[in-house]
Structure formats: structure tokens, C-alpha cells
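Chemist: Fold the following and give me the result.
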Amino acid sequence: MAYFLYNLILILLYLPFLIVVFLFPKGRMLLAKRKKSLTELLNSDKDPQRKTVWLHAASVGELDQARALAGEIKRQNPSLFIIQSVYSDSVTDKQTIDPNFDRSFILPLDFPFAYDSLFKKFRPEKLIILAWDTWPNLLKTANKYNCKSYLACASLSSGSGRKKGFVHSLTKASFQYLEGIYPSHPIIAEEFKTLAPDHKIETLGDTRFESVLHRIESGTPPERFQTFLKKYKTEIADQKPILLGSTYPVCESYFSDFLFHWSEQNHPLPTFWIFPHKWEENRMQSFRSKLESITTVKTFSELMDRSSEYPKIVLVDELGILAFAYQFAKFAYVGGAFHHRVHNTIEPAAFALSLVTGLKISNAPEAIVMQKLGGLIACNHKEEYISAFKKLILNPNLAEELGAKNRNFVLENKGASGKIYSRVFSNDPN
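Modeler: Sure thing, here's the model as predicted:
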């Protein structure tokens, strides 16, 4: 019944959807892009002797998970043919390029007839969905073509809409087609128990940790950042900065209020490195003026291009530095969670930093787990933000202790790709 109602709703909404889409040039462009991607895939060559594995990711974060898993699959069985789909139109063509993806494409809209041509051409034996993007008709069609489906690095928050009303019934109906559900952590595994039998659920970790760790370990910091570190080596060593990453206007407003509050109490002022999500000149000039009423402020480019004393606050106006800067920090604030959704928390956690962020973390299972482990403080409002900063600054041992929990959590997830490969392909001959 859930599938019948779902498909009826899709069909009834399709014509109004097309009308709305064609009223807007961007909508027409995105629909055409999706159609073109599928056409190119169906017209591409494929060696019939090679077995196919289909990986699906909703967006960029899940694509990181797929990238790590694809690398493990190719390492174990180079002859397998991997097709990689994404759903979000925001994923660029460049982001889908990977030597382990034999083909990449944008997933069609989830109509009951949308996938037959794909299954007939490529005949995938496995469909591995990363994190959460379990489209009901995709799973049902996979089952129709004897393709085994899995949900890896599975993610579900306690407040998810998938656990309520009709969507709960539909999710439960579609999950019957999954061979296995592999959450990233036991805390996340508990959330799946109302949707699937226990025998399908097994905690195997999150492959995204491997992608992030690989980038950190193999990447090279920008040359200007290396020069900056040498130029201010003594100052950075004497007082580690508190790092604010991917800040939005609301983050900057809260930070300004924290700084005023802190200065009124005559506490010694720490140093801060602030990385705005987007550098907007007018906004940053206004933000800087507020900060300069309290302490010294310089931009990164000013420090590099002129002879300047090291300030209390560095506003970083150059790209490509953030991931390499975390290792020098005391603790970190990660932006996005007061705006729309939290940004990358794995990078700072890998460097054993305790974390502060906003409330909107349901998109990031790793952030949910770190919050429950105590290493991440998710703040509801400005007062909690100020309180969290005060607590971690005044209790450096506590900040280190919470950061160690985050680091251990990251290390526990190393090897997730191998565990998932072993479980999914355990009965397959190479």
C-alpha cells in the first residue's frame, strides 16, 4: 500500500512539477542536465564480461564515502566495473572524476519505470547506497533484476522524518529490499531498529573518515601558509589559536558578542584564526570594525604581504588553508549548523580538537556521534555558544580530554571500507 500511494503521488505531481520547472530557466537547465547524463551513460560502452557494481551517493559528502569504498573495491577486485550515481545537481562534473569510477551519472527521478534501462544495460550485481539516499523505486527495481542492495555508512537521526507517519511506512517497505544495513556507529544503529530486522543491521564504520584522512595525510599545505607558519612560528607556538571554520554572518555575530562579553570580564584574550565560508568584502569589513574596537585584527594576506605584528585575530582571506590549519589549534568552532547544516567535523576531530557548533547537525552522523560521546558541543543559541567558548578556554585540560575522544572516534573508523567490502562481497569469487 505504501508503494502504491507513493507512486500515485509521484504521477499526480509530475505534470505540475514540469510546469513549474519549465517556468524557470535554471529548472529547465537542471532537468536537461539530468536527462543528458542518463543518455550519455546508456550510450557508453561496457565490456559484457566485467561484473558491475553500482554505488549511489546523494551529494558531495556521500561521494567522499563512495570514493573510499570504490578504491577498496578496485584494490580487492580490479576487474569490477563501477558505475557511480549522485542525486544532487550541486555536484559538479569535476567532483565525480575518480580513477575508480568507470562511469558517473546523475540519478533519474524516482519513477517506477526510471531504472529499467540501466539495469538491462549494466546488469549490476550489487547496489551500494551511501548514508541515506534510499529511493523506494530504485530499491524495488534492483530487487526485480536480482541485484542485491546495501545501505553502507548508514545514517539516521532520532528526529528524522523517516520515522514518522507515511514516510515511516514507505521507508520500512523499501528497507525490506536491503540485504544489509551498515551504520557507522552503534549509536546510529539504534535508530534503524524500528525500520528493519536486527539481523540486517551491523555496525561497520564510515568510509568518509578514510577519504578525509587520506587528504590530510597526502595533501600539501599552500606555500603561502607554510611561509606564514615560519614567519610567525614563535607566536603560534607561544599561544595556540582557537580556530573558527566556515563562518556565516550569524556565527560572526555570536563571536563578536562573545568577545565583548569576554573583554568585559578582564580575562586574558586568546588568539583566533577565523575562516569565513565566503569572503564578502562589505560583510567582512563590518565584522572587522567590530573586532578592532576590542583588539588587534589583520587579514592573512596583510600579514603575508606587509611587515606586520602578529595580531590577536587573523581573518583568513585565502582559500585552501583550513584543513591544514586545524593541527595548530586549541579547539575549533565548525560553522554551518546555525545556518543550514554543519560543515566538515571530521577534519578537526582528526587533529584531536574538541568542537563547538550549532544545532543543525542531523545531516552529519559523525557530528551526532561526537556530540553523544561528549567531544562536540551543539549549541541552541548565542548564550550556549558563549558558554561553550568560555568553558573550553578556561578549562584547557577539558578541551584536550574531549578532543582525545574525537580523535579516538576518527581512528576507530579507519578500515571501514575493508569491512564493508568483506561483508558485501564475502561470497563472491574474484
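Chemist: where do the strands sit along the stretch 201-350 of the chain?
Modeler: Using DSSP state E, counting those that start in this stretch, the strands found in the stretch 201-350 of the chain span residues 242-247, 272-276, 297-299, 313-315, 332-334.
Chemist: quick one, what contacts residue 295?
Modeler: If you count contacts by CB atoms under 8 Å, 6 or more residues apart in numbering, residue 295 has them with 259, 263, 269, 311-313. C-betas here are computed from N, CA, C, even on glycine.
Chemist: and with 7 Å instead?
Modeler: 269, 312-313 (CB atoms under 7 Å, 6 or more residues apart in numbering).
Chemist: circling back to that earlier point, reformat the strands of the stretch 201-350 of the chain as CSV; add mean pLDDT, distance to residue 228 and mean neighbour count.
Modeler: Converted to CSV, the strands of the stretch 201-350 of the chain look like this (pLDDT from 0 to 100; distance: least, CB to CB, whole Å; neighbours: other CB atoms under 10 Å):
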stretch, mean pLDDT, distance to residue 228, mean neighbour count
strand 242-247, 97, 14, 24
strand 272-276, 97, 10, 23
strand 297-299, 96, 11, 20
strand 313-315, 98, 9, 24
strand 332-334, 98, 18, 30
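Chemist: do you know which of the ones you listed lies nearest residue 45?
Modeler: strand 242-247 (41.1 Å; CB to CB).
Chemist: And the contacts of residue 295, which is closest to residue 37?
Modeler: Of all these, residue 313 has the smallest distance to residue 37: 44.7 Å, by CB to CB.
Chemist: got the buried residues for stretch 315-335?
Modeler: By 16 or more other CB atoms under 10 Å, the buried positions in stretch 315-335 come out as 315-317, 321-326, 329-335.
Chemist: For this protein, which residues score under the pLDDT cut-off?
Modeler: Low-confidence segments of the chain, defined by pLDDT under 70: 427-430.
Chemist: need the longest helix for it.
Modeler: For the chain, the helix with the greatest residue count under DSSP state H is helix 2-23.
Chemist: List the buried residues for that one?
Modeler: Of the residues in helix 2-23, 2, 6-7, 10 count as buried by neighbour count, 16+ other CB under 10 Å.
Chemist: re the thing from before, among the buried residues of stretch 315-335, which one lies nearest to residue 420?
Modeler: Looking at the buried residues of stretch 315-335 and their distance to residue 420, the nearest is residue 323, at 24.8 Å (CB to CB).
Chemist: contacting residues around the closest one?
Modeler: Neighbouring residues of residue 323 by CB under 7 Å, 6+ apart: 215-216, 347.
Chemist: can you tell me which of the buried residues of stretch 315-335 lies nearest to residue 24?
Modeler: Nearest to residue 24 among those, counting by CB to CB, is residue 335 at 29.6 Å.
Chemist: right, and residue 111 touches residue 135 too?
Modeler: No. Taking contacts as CB atoms under 7 Å, residue 111 lies outside contact range of residue 135: 10.0 Å.
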